[in-house]
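In: coords below, sequence missing:
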Ligand SMILES: [Zn+2]
C-alpha cells in the first residue's frame with residue numbers, strides 16, 4: 001500500500017495530481033467514462049509503476065538465489081579479487097552495514113546484503129551544523145557534515161552506469177522522503193573486474209564527474225555525497241555486487257585494504273543523545289593480516305592520504 005503522507009510529499013505526487021486535474025478539465029468538454037473507473041485504473045497503474053523497484057527487488061532476489069543455487073556469496077566462501085580502499089577521503093562513520101546478518105545493511109535484499117551507509121560525525125556526536133539533533137530537528141541536507149564531501153573510486157575500474165539528475169530529497173527528523181524515481185538517486189557504478197561492481201549512491205545532483213566508459217584509478221574523485229533518492233539524511237551508500245544489474249546481482253562482502261578503524265565516540269554519543277539504543281555493533285571489526293572487515297559503529301579512514309586527488 002502507498003503511505004499517503006509519504007506519497008504526497010514525494011516527487012511522485014505531482015504527476016498523479018496532473019493526471020487527475022487533466023481528467024477533470026477534459027471531462028468538462030468531452031464526456032469521459034466514469035471517474036471512478038478511470039481513477040481506479042490510474043491508481044492501479046501508478047501503484048504498479050511506483051512499486052516497480054520493489055517488484056524488481058523481490059523478483060531479483062528470487063532469481064539471484066536460484067542463480068547461486070541458494071549458496072550466496074559470504075565471507076566464508078568469497079574473497080574480493082580487487083583491493084578496495086574506502087570510497088572517500090578523511091574520517092567517516094560506518095552507520096549501517098557489516099558482513100554478518102546482525103550487522104547487515106539489509107540481509108534480505110541480496111544485492112545490498114553487504115552494503116554500507118557511511119555518514120560523518122563531529123567530536124560531539126552531531127551529524128549536522130547548528131544545533132543538536134533531537135529526532136525532530138528539521139535541517140537542510142547541506143548542513144550535514146558529509147554533504148558535499150568527495151566520493152572516490154575504491155579501486156581501479158571502468159565506469160559502467162551513471163545517473164546525475166535528481167535533487168536532494170528532503171530531510172525531516174528521522175523520516176525520509178524519496179524525491180526521485182530511483183531509490184538510488186544519483187549514482188556511479190564501477191566495474192572493477194569481471195565479477196565485482198561497486199555502487200556509490202545518493203550522490204549530490206550535478207556532482208558526478210565521470211561518464212560511462214571512463215577508466216578510473218583508485219582514489220579518483222567520481223562525485224560528491226548528497227541526499228538524492230530514498231534517503232533519510234545525507235550519507236554515502238556503497239556496496240559491491242557481482243554483476244552490473246542492481247536487481248539481478250548478489251552483494252559481495254568486502255575486506256578493505258590499507259584502512260584504519262576504531263570504535264566511534266560520535267556513534268555512541270549520537271544514540272545516547274537521541275535516547276535510542278545503539279544497535280549492537282558486536283563483531284564489527286575483523287582483522288586478517290593487514291586487511292579488515294568493517295561494520296556498524298566504527299570510525300574508518302584510509303591510511304594513505306588520498307586528498308588532494310584531482
Ligand atoms: Zn544504504
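Out: Thanks, I have it. Predicted model only: the values in this text are computed from it and were never measured.
In: so the residue in the stretch 151-300 of the chain positioned nearest to the ion, which of the three states?
Out: Of all residues in the stretch 151-300 of the chain, residue 237 sits closest to the ion, at 3.4 Å by Cβ to the ion. Yep, even glycine has a C-beta here, placed from its N, CA and C like the rest. Three-state assignment for residue 237 (DSSP: H, G, I helix; E, B strand; the rest coil): strand.
In: does the nearest residue to it once chain neighbours are set aside sit in a helix or strand, and which one?
Out: Once flanking residues are discounted, residue 237 sits nearest to residue 201: 4.1 Å by Cβ to Cβ, 6 or more residues apart in numbering. In this structure, residue 201 sits in strand 196-203 according to DSSP states H and E.
In: From the contact counts, what lies against that strand?
Out: strand 186-193, strand 221-224, strand 236-241 (3 or more Cβ pairs under 8 Å, 6 or more residues apart in numbering; DSSP states H and E).
In: what do you get if the cut-off is 10 Å, keeping everything else the same?
Out: Using 3 or more Cβ pairs under 10 Å, 6 or more residues apart in numbering; DSSP states H and E as the contact test, the elements touching strand 196-203 are strand 116-119, strand 150-152, strand 157-163, strand 186-193, strand 221-224, strand 230-231, strand 236-241, strand 251-252.
In: Next, the angle from it to strand 157-163.
Out: 40 degrees (axes from the mean of the first three to the mean of the last three Cα atoms, to 10 degrees).
In: now the very next helix or strand once past strand 196-203, how far from the centre of its chain.
Out: Using DSSP H and E, the next helix or strand after strand 196-203 towards the C-terminus is strand 215-216. From the chain centre to the centre of strand 215-216 is a distance of 22 Å (Cα atoms, centre = their mean, to the nearest Å).
In: do the same with stretch 282-302
Out: The chain centroid and the centroid of stretch 282-302 are separated by 20 Å under Cα atoms, centre = their mean.
In: And for stretch 240-255?
Out: With Cα atoms, centre = their mean, you get 14 Å for stretch 240-255.
In: can you tell me if that stretch touches the ion.
Out: No. Using Cβ under 5 Å from the ion, stretch 240-255 stays clear of the ion, coming no nearer than 11.2 Å.
In: pLDDT below threshold where in this protein?
Out: When residues are selected by pLDDT under 70, those of the chain lie in 1-16, 32-33, 35, 50-51, 131-138, 172-180, 307-310.
In: ok now do the residue minimising distance to the centre of it, which residues does it touch?
Out: Nearest residue to the geometric centre of the chain (Cα atoms, centre = their mean): residue 237, 3.3 Å. By Cβ atoms under 10 Å, 6 or more residues apart in numbering, the residues touching residue 237 are 96-97, 105, 112, 115-118, 183-185, 187, 199-203, 225, 229-231.
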